[in-house]
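Visitor: sequence unknown, structure follows:
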């Protein structure tokens, strides 16, 4: 549906009039009093317009405000259309739940029901407004975000989705929506787009400002003293402006004091389209190091209903961040030949079995099949991408043979036979994660792998970390926590105690070139493997 959209299909034309006026005013650094002086309209009228209380403003009033703001033709038209079409209540907002939906996932969600429920509840209630889902590459962060976003969208929350360039996706490309450009502008804003001070310096002769009268900001004095800098007026909400363009909008002080540039202010068109309604913004696969927390703070002031969901290999480590640690799927130690069907309900087993049957639809989930599947799932630590890669090998061998390969050289099956880039991509990302670890954490991982290779129980506990590092227990706890956040280890209760184990994909990355991971010493023996 396109009802209520302007012919150009932009949300600006349907945005609330008051939000548009306020956005343009803040963009050039004027107070309500200063805009009133420039437009010859009362401060009360300006205030009522911005609050949406003036339901039928006169055309002359809008013209005077547009003149005072020195809007360009497109921005002026958007302002006039918001009046003529009666969009003070935000018709564009009514279209948001219908139009702003998350992408469609390629595969069903398996084994993440509890995580999806908690994540969706926290974001929907507003208990958490900044959540970062962290975990090792391929663990399912994007798929979990898709599920949580879909649940929120079904409950009526608009979802704005952005996938970082180069990120691995598990969904169909999203349809272009009227807010697609605004999402792009929003992400660019959070990543620091815009050069502070460039426009202001160009607008002032020799860097000097006219003297301000008492009660007036420098922005007002500069703005009132200079003529239009560009035939289009201040930066147009329909698109970004070159930060090096000397004819851009002037900068000045924020109403509360302190210098601000146009680039430092949130996109006016985004604030106009969303207003104060609840909305979820998902940044999938972003690098938090590229985000500007100060700008997020400003954006959250402009959009009080905003929830931000990030998926990343690393946390942002900023105030108010809810760190959502995503471990691999639960893959308990198989019970052995005595109870061949045990563990069939484990999430990793269900996930792997679904992938195996995509390759071999005739595969029946009998006791022997479930026993092999449970062993492979446990050996690969329930890591979803590793399980998917292993399942692809069923096109060239049977299940017992696949189990034999996983037992002797699990690193080999990390190469997805149907996707030649999947295995190298996973190994590259794991290697990058390991390279980013501090030297003492990487040394600890190597020591843990060596100790587990020589032990009948491949799990380790805090006491093992203290013994290997010689550090106090609190230091050992912090190191284990850091490794959990990095996704290179996972919790384990296989041996009746709270322990941890190094992931198979990590052991493969740490193993000498050409050397396989050591097989799990306590796993049940594999059945005789027939020739492939």
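Guide: Arrived safely. Just so it is clear, the structure is predicted and the values come from calculations on it, not from any experiment.
Visitor: Where do the helices of the stretch 1-150 of the chain begin and end?
Guide: With helices called from DSSP state H, counting those that start in this stretch, the stretch 1-150 of the chain shows them at 17-27, 32-39, 43-51, 59-69, 73-84, 91-99, 113-125, 141-154.
Visitor: contacting residues around residue 300?
Guide: Contacts for residue 300 (CB atoms under 8 Å, 6 or more residues apart in numbering) come out as 129, 306. From N, CA and C alone the C-beta is placed, and that goes for glycine too.
Visitor: any idea which element it lies in?
Guide: Under the criterion of DSSP states H and E, residue 300 resides in helix 293-302.
Visitor: one step back: worst mean pLDDT among the helices of the stretch 1-150 of the chain?
Guide: Among the helices of the stretch 1-150 of the chain, helix 91-99 carries the lowest mean pLDDT, a mean of 50.
Visitor: circling back: okay, angle between the helix holding residue 300 and helix 17-27 too, please.
Guide: 150 degrees (axes from the mean of the first three to the mean of the last three CA atoms, to 10 degrees).
Visitor: Okay, buried residues for helix 293-302 please.
Guide: 295-296, 298-300, 302 (16 or more other CB atoms under 10 Å).
Visitor: from those, which is closest to residue 316?
Guide: residue 296 (9.3 Å; CB to CB).
Visitor: Stretch 426-435: how far from the chain's middle?
Guide: 20 Å (CA atoms, centre = their mean, to the nearest Å).
Visitor: Mind listing residues that contact it?
Guide: Contacts of stretch 426-435 (CB under 8 Å, 6+ apart): 136-138, 313, 385-386, 389, 414, 442, 445, 486-488, 505-506, 508-510.
Visitor: Low-confidence regions, the chain specifically.
Guide: Applying pLDDT under 70 to the chain flags residues 1-16, 55, 84-99, 173-178, 194-264, 335-343, 420-424, 454-457, 512-532.
Visitor: Okay, domains of it per the record?
Guide: 17-88+195-260, 96-190+271-325 (automatic domain parsing).
Visitor: And these: which comes nearest residue 366?
Guide: Closest approach to residue 366 among the domains of the chain is made by domain 96-190+271-325 (19.9 Å; CB to CB).
Visitor: how about the domains of the chain in a markdown table, adding distance to residue 429?
Guide: Converted to a markdown table, the domains of the chain look like this (distance: least, CB to CB, whole Å):
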| stretch | distance to residue 429 |
| --- | --- |
| domain 17-88+195-260 | 31 |
| domain 96-190+271-325 | 4 |
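Visitor: Figure out which of these is closest to residue 408.
Guide: Among these, domain 96-190+271-325 comes nearest to residue 408, with 22.4 Å by CB to CB.
Visitor: same for the following helix or strand past the helix holding residue 300, what does it pack against?
Guide: Sequence-wise, the next helix or strand downstream of helix 293-302 (DSSP H and E) is strand 306-312. Under the contact criterion of 3 or more CB pairs under 8 Å, 6 or more residues apart in numbering; DSSP states H and E, strand 306-312 touches helix 113-125, strand 130-134, helix 141-154, strand 279-284, helix 293-302.
Visitor: buried residues in the helix or strand that strand 306-312 is followed by?
Guide: Downstream of strand 306-312, the first helix or strand assigned by DSSP H and E is strand 322-325. By neighbour count on 16+ other CB under 10 Å, the buried set for strand 322-325 is 322, 324-325.
Visitor: got it, and stretch 157-167?
Guide: 157-164, 167.
Visitor: Tabulate these (a markdown table), appending secondary structure.
Guide: Formatted as a markdown table, the buried residues of stretch 157-167 follow (DSSP: H, G, I helix; E, B strand; the rest coil):
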| residue | secondary structure |
| --- | --- |
| 157 | coil |
| 158 | coil |
| 159 | strand |
| 160 | strand |
| 161 | strand |
| 162 | strand |
| 163 | strand |
| 164 | coil |
| 167 | coil |
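Visitor: Return the closest of the residues you listed with respect to residue 308.
Guide: Closest approach to residue 308 among the buried residues of stretch 157-167 (CB to CB): residue 160, at 9.9 Å.
Visitor: is it true that the closest one touches residue 187?
Guide: No - using CB atoms under 8 Å, residue 160 makes no contact with residue 187, being 9.4 Å away.
Visitor: Give me the common contacts of these two.
Guide: Listed as contacting both residue 160 and residue 187 by CB under 8 Å, 6+ apart is no residue at all.
Visitor: wait, what's in contact with residue 120?
Guide: 147-148, 151-152.
Visitor: and which of the buried residues of helix 293-302 is nearest to residue 347?
Guide: For these, the closest approach to residue 347 (CB to CB) belongs to residue 296, at 33.5 Å.
Visitor: nearest spatial neighbour of the closest one, skipping sequence neighbours?
Guide: Of all residues not flanking residue 296 in the chain, residue 190 sits nearest, at 6.0 Å (CB to CB, 6 or more residues apart in numbering).
Visitor: Near the one you found, how many other residues are there?
Guide: Using other CB atoms under 10 Å, the number of residues around residue 190 comes to 22.
Visitor: so who does it touch?
Guide: By CB under 8 Å, 6+ apart, the contact set of residue 190 is 283, 291-292, 295-296, 299.
Visitor: Tell me the one of those nearest residue 371?
Guide: Checking these against residue 371 by CB to CB gives residue 283 as the nearest, at 41.6 Å.
Visitor: Tell me the secondary structure at the nearest residue to residue 355 once chain neighbours are set aside.
Guide: Once flanking residues are discounted, residue 355 sits nearest to residue 391: 3.6 Å by CB to CB, 6+ apart. With three-state DSSP as the basis, residue 391 sits in helix.
Visitor: before we move on, back to that, so which of the contacts of residue 120 wins on neighbours?
Guide: residue 148 (30 neighbours).
Visitor: re earlier: now the residue nearest to residue 296. Its backbone dihedrals?
Guide: Dihedral angles phi and psi of residue 190 (degrees, to the nearest 10) take the values phi -70, psi -20.
Visitor: And it, how far from residue 266?
Guide: Noted for residue 190: a distance of 9 Å to residue 266, by CB to CB, to the nearest Å.
Visitor: what do these two both touch?
Guide: Common neighbours of residue 190 and residue 266 (criterion: CB under 8 Å, 6+ apart): 295, 299.
Visitor: The residue nearest to residue 442 when sequence neighbours are not counted: how many residues sit nearby?
Guide: Once flanking residues are discounted, residue 442 sits nearest to residue 434: 6.2 Å by CB to CB, 6+ apart. Neighbour count of residue 434, defined by other CB under 10 Å: 17.
Visitor: Need phi/psi at residue 434.
Guide: Here is the backbone geometry of residue 434 (degrees, to the nearest 10): phi -70, psi -40.
Visitor: Would you check how far apart it and residue 458 are?
Guide: Distance from residue 434 to residue 458, by CB to CB: 19 Å.
Visitor: Kindly report the same for residue 61.
Guide: Taken as CB to CB, the span from residue 61 to residue 458 is 75 Å.
Visitor: now do residue 305
Guide: Taking CB to CB, one finds residue 305 at 47 Å from residue 458.
Visitor: Those two - which one has more neighbours?
Guide: Neighbour comparison, residue 305 and residue 458: the larger count goes to residue 458, with 24 against 16 (by other CB under 10 Å).
Visitor: mind listing what's buried in stretch 69-88?
Guide: For stretch 69-88, a neighbour-count test (16+ other CB under 10 Å) marks 69-72, 74-83, 87-88 as buried.
Visitor: I should have written stretch 435-454 there, sorry.
Guide: So stretch 435-454, judged by 16+ other CB under 10 Å, has buried residues 437, 441-442, 444-445, 447-449, 452.
Visitor: Next step: those restricted to helices.
Guide: Residues of the buried residues of stretch 435-454 located in helices (DSSP state H): 441-442, 444-445, 447-449, 452.
Visitor: Distance to residue 475 added to these, as TSV?
Guide: Formatted as TSV, those follow (distance: CB to CB, whole Å):
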residue	distance to residue 475
441	11
442	16
444	11
445	16
447	15
448	15
449	20
452	21
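Visitor: Which one of the residues you listed is nearest to residue 128?
Guide: So of these, ranked by how close each gets to residue 128 (CB to CB), first place is residue 441, at 27.9 Å.
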